[in-house]
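In: Pasting the sequence and the predicted coordinates here, then a few questions.
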Amino acid sequence: MAQQAAPLRHNLACPHGFEDTFIMCRFTTYLGPPVWLSAILLEPSHSLIRQSTSAKERDEPLNGDGFGVGWYSPEEDLEPAVFRSITPAWNNRNLHNLARVVASSCIFAHVRAATQASGVNEANCHPFRFGRYLFMHNGDIPEFRKVRRRLLNSVCDAGFDNIFGSTDSEHIFAILIDEILKREAPLTAAQLGECMITTVKRIEMLVHQAGIKECIYLNLALTDGEHVIVARYASEAEYAPSLYYFLGDLYRSLADTTPRRRPCETLQSVVVSSEKLTEHRDWYQIEGNHMIIASGSRSPEVIPIAL
């Protein structure tokens with residue numbers, strides 16, 4: 001397991017000139033016993049809502065170009081629900097009201113800082129959904145327009161048809177969908193990890209073919225509601241956007257506030273976040289070019305992304 005590390009500020013310029021100020025967005029994932037959405041979005045001292053106004057590990061602290069949250073209710077439907085909006089997360093009353101009354105054992109949440117190349121509209125807000133899968137991205141494919149045509153030509157129809165916006169993120173998800181559909185369902189956590197690594201390889205290849213020299217930044221998060229895979233990757237590992245994880249009871253579970261218990265309350269809690277949500281000492285930094293694979297009842301693994 002990765003060792004605890006002091007927080008790093010990514011305020012250095014990439015050797016090829018791509019500045020950290022363009023590293024966008026913040027996200028948080030949760031897998032474990034059911035918790036209220038507010039436990040992720042509102043309650044922590046450095047919650048995702050607070051990161052939308054006061055991110056600590058970006059030179060630009062604001063992430064006000066929309067937000068999204070996805071969650072699972074497997075008793076009702078294996079496919080997740082998603083709520084997205086172009087309004088700032090800190091100023092959306094619907095989000096605050098929803099977070100108080102909705103609970104889930106698997107939550108994906110994201111606050112967005114748009115680049116000049118992609119517009120502020122709901123289709124560009126994360127998380128993105130395909131069937132039972134949710135996906136989020138923090139980072140950038142440089143000079144994406146030079147890569148886009150090659151990327152679209154490389155994916156299956158299902159991946160192509162799942163692109164509704166203009167972000168590089170949704171196009172990355174199309175490659176990931178392509179990799180997932182090459183394998184027989186249901187996929188194990190290890191197979192989803194393989195899909196993630198192969199996706200990173202394909203993006204590196206497409207960028208190289210386009211003659212682009214700048215750093216690629218790919219903090220990627222994927223879940224099917226049972227497994228969570230989160231990668232911290234950059235072409236040059238030391239410039240990968242920040243990413244941390246926490247194991248254990250960071251939040252009040254649903255069992256703490258209601259007498260009704262559920263079978264999944266035996267699961268181990270795993271939180272993966274762009275920034276630490278609390279001052280608790282047991283947050284651990286994920287090393288650059290590594291990913292964490294979590295499956296609830298099993299201890300998470302942190303493994304290298306070997307291309």
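Out: That came through fine.

In: Point out where the stretch 201-307 of the chain drops to low pLDDT.
Out: Applying pLDDT under 70 to the stretch 201-307 of the chain flags the ranges 251-267.

In: at 80 what do you get?
Out: Scanning the stretch 201-307 of the chain for pLDDT under 80 picks out 249-268, 296-297.

In: Would you confirm that His46 contacts Leu277?
Out: Yes. Using CB atoms under 8 Å, His46 is in contact with Leu277, at 5.4 Å. No exception for glycine: its C-beta is placed from N, CA and C like everyone else's.

In: quick one: which of the two has more around it?
Out: Between His46 and Leu277, counted using other CB atoms under 10 Å, Leu277 has the larger neighbour count: 26 against 16.

In: And the longest strand anywhere in the chain, what's buried?
Out: The residue-count maximum for a strand in the chain (DSSP state E) belongs to strand 26-36. Residues of strand 26-36 classed as buried by neighbour count (16 or more other CB atoms under 10 Å): Arg26, Phe27, Thr28, Thr29, Tyr30, Leu31, Gly32, Pro33, Pro34, Val35, Trp36.

In: Now do the contacts for the fifth one.
Out: Just to be clear, that refers to Tyr30. Residues in contact with Tyr30 (CB atoms under 8 Å, 6 or more residues apart in numbering) are Ala39, Ile40, Ser104, Cys106, Ile107, Ser269, Val270, Val271.

In: The fourth one and Ser242, how far apart?
Out: According to CB to CB, to the nearest Å, Cys106 and Ser242 sit 22 Å apart.

In: starting at the chain centroid, how far to whichever strand or helix holds Phe135?
Out: Element membership of Phe135 [criterion: DSSP states H and E] is strand 133-140. In terms of CA atoms, centre = their mean, to the nearest Å, the centre of strand 133-140 is found 5 Å from the chain centre.

In: Just the angle for it relative to strand 26-36, thanks.
Out: 150 degrees (axes from the mean of the first three to the mean of the last three CA atoms, to 10 degrees).
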